[in-house]
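Trainee: Kindly generate the corresponding structure for this input.
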Amino acid sequence: MSLDWDLRNIADSGTVCWSEGKMNVVTECLIWSTLIVGMGEITNENWKEFLIRLRIYDNLFGSFLYRKGEASKVTVQEMISHIGLKTNVPYERPGPWARKLLERKIRNITQAVEGEIGKGGPS
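Mentor: Below you'll find the model as predicted:
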């Protein structure tokens, strides 16, 4: 399935989302983040939940946003300025979303420990 996105409902989208004919890194990050946070749009009602989920992801797996090669975080103001962003990602309820992230983190840690064991630790 392709990731389809729509920026037309973002206030002043021409300035917020684009610079010198290129998409803003925050806009691009937020579009792709819809897949990670399980939320297909940013609205007045859900922007806080979206940002909280994104920060949770960042804390568990590392930043999803990079500016000039440096890990960064989406700010509250950047999130608010992107209200109206919409993609074709379906909404995922908080419980199943959180379980999926925890399972992924457990899998990552398990693989890391198994890798250490394979490097000479007791089996």
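Trainee: For the residue nearest to the spatial centre of the chain, which residues are in contact?
Mentor: Compute the mean C-alpha point of the chain, and by Cα atoms, centre = their mean the closest residue is Ser33, 2.9 Å away. Ser33 sits next to 50, 54, 57, 64, 74 when contact means Cβ atoms under 8 Å, 6 or more residues apart in numbering. The C-beta positions use only the backbone N, C-alpha and C, and glycine is treated the same way.
Trainee: Now do the same for the fourth one: its pLDDT.
Mentor: The predicted local distance difference test score for Phe64 is 88.
Trainee: Okay, the residue nearest to the centre of the chain and Gly115: tell me how far apart.
Mentor: Applying Cβ to Cβ, to the nearest Å, one obtains 29 Å for the distance of Ser33 from Gly115.
Trainee: for Leu60, same thing?
Mentor: Here Leu60 is placed at a distance of 19 Å from Gly115 (Cβ to Cβ).
Trainee: what does Lys100 give?
Mentor: Taking Cβ to Cβ as the criterion, Lys100 is separated from Gly115 by 23 Å.
Trainee: Pull out the buried positions in the longest helix belonging to the chain.
Mentor: The helix spanning the most residues in the chain, taking DSSP state H as the definition, is helix 94-118. For helix 94-118, the neighbour count (16 or more other Cβ atoms under 10 Å) marks 97, 101 as buried.
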